[in-house]
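Colleague: the sequence and its predicted three-dimensional model are supplied below.
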Amino acid sequence: MLLEYSVEKPLNREPPMRELVESFITTADTAYDRNHGPLPHIDATTFRLHIDGNVARSAQLSIESLRKDYQQHTVIAALQCAGNRRHTMRTKVKEVDGIDWNDGAVCNCTWRGPLLADVLVRLGLTIKTDVGHVHFNCSQTDVQDDSYYGSSIPLERCLDKTKKIILALDMNDEPLNVNHGFPIRVVMPGIAGARWTKWLDRILVKKCESNNFYMQRDYKILPPCVTSKAQALEYWPKIPAIQGLPINSVVAYPEPGTAHVAGENGELEVCGYALPQADDGPVVKVEVSSDKGATWDEAEIVYPAKEELATPEGQEMYKWGWVIWKYKMPKPQVSKITRDTKIWSRAKDLGGNMQDGTVPWNFRGVAYNAYGETENLKVMGVERMPNGIGGLKL
């Protein structure tokens, strides 16, 4: 099997922020990459998904069978790394342990494949749903901290068809590419990306949570008293694994430390994305402040359309997706911007969750959701535009 990259140097990358928010649906080429080892190139014709554990009968399912023998379902869902925005936590609060993600370790895509619930029900279960867990394993490639990559979530959630847990074969109406899990990955709307196992080759139904490193000794919100790997050893067994992530929003542009020309009316366009908390979406409001939260102005949610978000059908369709928002800052506000000005964003979702300005910190730098922020901007009127600045697109 061909392997790209290595355990020592896996592919981890995020796109430029302007590129990320250009489209409501993130293209496969733009979507971020997060890996703990090499990318495996798998022959889909011989590949089999093994399902066993507490099931009435085990199975080895081909990709063809998963496409033809089960009804296919589509869901729009944001995939977000638990460490998204880690750089801000590291630089605004204090040092953390982990990859230095900025704000781009997230994507919003359509995913298609059979419901996991349909597959499990057809095989039959030999365990009570309220005590079981479903494990999602990949042994197709070496990983940094264990002999395989593993995750798990409660069986009860997996059997709830309204949660749309999908064995994804397609991303954005095309077969998954290798970067995003070809030939199959599990998609768990409302759950942190660490649980969305790629190159999924085994599903186990068990009475206990996965004991894999990435479930038990990573992707947990450690208490603030933990400031080293040695201290973390005591707390890993005590802290639950991250499932859903908190509500969040990001200012994609203007990016910090950049120069901009105000529009013809003296306006400055501010743009970003916002994500709901766990299953409480969609996001229904985004606000922007340029005076450290003394006043807030509502931004426009440009996608999905506000009219769609107001309907029950739209709220269900976009429940786990992000929104793209824009705010045209009027001239009086723009004229007050100095290098010390911070432009903040905050979001509110259908469940009532709102970013409240809390600046969280934990040793692994996960689940950061302080206000979205940009700062250190220079904004000039057109009449004072120096050479080389006029080409900037706002």
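Modeller: That came through fine.
Colleague: ok, now which ones touch residue 57?
Modeller: 123, 124 (C-beta atoms under 8 Å, 6 or more residues apart in numbering). C-beta: built from backbone N, CA, C; applies to glycine.
Colleague: hmm, try it at 10 Å
Modeller: 51, 122, 123, 124, 126 (C-beta atoms under 10 Å, 6 or more residues apart in numbering).
Colleague: what about residue 117, how many residues nearby?
Modeller: By the criterion of other C-beta atoms under 10 Å, residue 117 has 19 neighbours.
Colleague: from the chain's centre, how far out does the strand or helix carrying it sit?
Modeller: Assigned by DSSP states H and E, residue 117 belongs to helix 116-123. Distance of helix 116-123 from the chain centroid (C-alpha atoms, centre = their mean, to the nearest Å) equals 26 Å.
Colleague: adding distance to residue 358, neighbour count and pLDDT, write the contacts of residue 57 out as CSV.
Modeller: Converted to CSV, the contacts of residue 57 look like this (distance: C-beta to C-beta, whole Å; neighbours: other C-beta atoms under 10 Å; pLDDT from 0 to 100):
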residue, distance to residue 358, neighbour count, pLDDT
51, 41, 21, 98
122, 45, 14, 98
123, 44, 18, 98
124, 46, 10, 97
126, 44, 12, 96
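Colleague: could the residues you listed go into CSV alongside distance to residue 168?
Modeller: Listed next are the contacts of residue 57 as CSV, based on distance: C-beta to C-beta, whole Å:
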residue, distance to residue 168
51, 16
122, 18
123, 19
124, 23
126, 26
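Colleague: pull the most distant pair out of these.
Modeller: Within those, 122 and 126 form the most distant pair, 14.1 Å apart (C-beta to C-beta).
Colleague: neighbours of the residue nearest to residue 232 when sequence neighbours are not counted, how many?
Modeller: Sequence neighbours aside, residue 226 is the residue nearest to residue 232 in space, at 5.2 Å (criterion: C-beta to C-beta, 6 or more residues apart in numbering). Neighbour count for residue 226, taken as other C-beta under 10 Å: 20.
Colleague: tell me where the stretch 51-200 of the chain has strands.
Modeller: In the stretch 51-200 of the chain, the strands defined using DSSP state E, counting those that start in this stretch lie at 59-61, 72-80, 106-114, 133-138, 149-154, 166-168, 170-171, 174-175, 185-187.
Colleague: and those strands as JSON lines, adding mean pLDDT?
Modeller: Shown next, in JSON lines, are those (pLDDT from 0 to 100):
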{"stretch": "strand 59-61", "mean pLDDT": "98"}
{"stretch": "strand 72-80", "mean pLDDT": "98"}
{"stretch": "strand 106-114", "mean pLDDT": "98"}
{"stretch": "strand 133-138", "mean pLDDT": "98"}
{"stretch": "strand 149-154", "mean pLDDT": "98"}
{"stretch": "strand 166-168", "mean pLDDT": "99"}
{"stretch": "strand 170-171", "mean pLDDT": "98"}
{"stretch": "strand 174-175", "mean pLDDT": "98"}
{"stretch": "strand 185-187", "mean pLDDT": "98"}
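Colleague: what residues are up against the residue nearest to residue 232?
Modeller: Neighbouring residues of residue 226 by C-beta under 10 Å, 6+ apart: 97, 220, 232, 233, 234, 235, 236, 239, 362, 363, 364.
Colleague: again, but for residue 205
Modeller: Shown in contact with residue 205 (C-beta under 10 Å, 6+ apart): 51-55, 120, 123, 125-127, 129, 132-135, 152, 155, 158.
Colleague: ok, and the closest non-adjacent residue to the residue nearest the centre of the chain?
Modeller: Nearest to the mean C-alpha position of the chain, counting by C-alpha atoms, centre = their mean, stands residue 80 at 0.9 Å. Computed as C-beta to C-beta, 6+ apart, the closest residue to residue 80 that is not its neighbour in sequence is residue 106, at 4.2 Å.
Colleague: show me what contacts residue 191?
Modeller: Contacts for residue 191 (C-beta under 10 Å, 6+ apart) come out as 77, 79-80, 151, 153, 157, 163, 165, 242-245, 278-279, 320.
Colleague: quick one: which of these is nearest to residue 356?
Modeller: residue 245 (15.5 Å).
Colleague: list the contacts of the closest one.
Modeller: Applying C-beta under 10 Å, 6+ apart, the residues near residue 245 are 78, 80-82, 84, 106, 190-193, 275-278, 366-369.
Colleague: what about residue 299, distance to residue 165?
Modeller: Distance, residue 299 to residue 165, by C-beta to C-beta, to the nearest Å: 32 Å.
Colleague: next one: residue 296
Modeller: Distance from residue 296 to residue 165, counting by C-beta to C-beta: 36 Å.
Colleague: out of these two, which sits in the busier spot?
Modeller: residue 165 (26 against 16).
Colleague: residue 197 is in contact with the more buried one, correct?
Modeller: No - contact criterion C-beta atoms under 10 Å: residue 165 and residue 197 do not qualify, at 11.9 Å.
Colleague: hang on, the earlier thing: let's have the contacts of residue 226 in a markdown table, adding distance to residue 266.
Modeller: Listed next are the contacts of residue 226 as a markdown table, based on distance: C-beta to C-beta, whole Å:
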| residue | distance to residue 266 |
| --- | --- |
| 97 | 44 |
| 220 | 47 |
| 232 | 51 |
| 233 | 56 |
| 234 | 56 |
| 235 | 52 |
| 236 | 53 |
| 239 | 50 |
| 362 | 42 |
| 363 | 45 |
| 364 | 43 |
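Colleague: now these: which count as buried?
Modeller: Buried by 16 or more other C-beta atoms under 10 Å: 97, 220, 232, 362, 363, 364, out of these.
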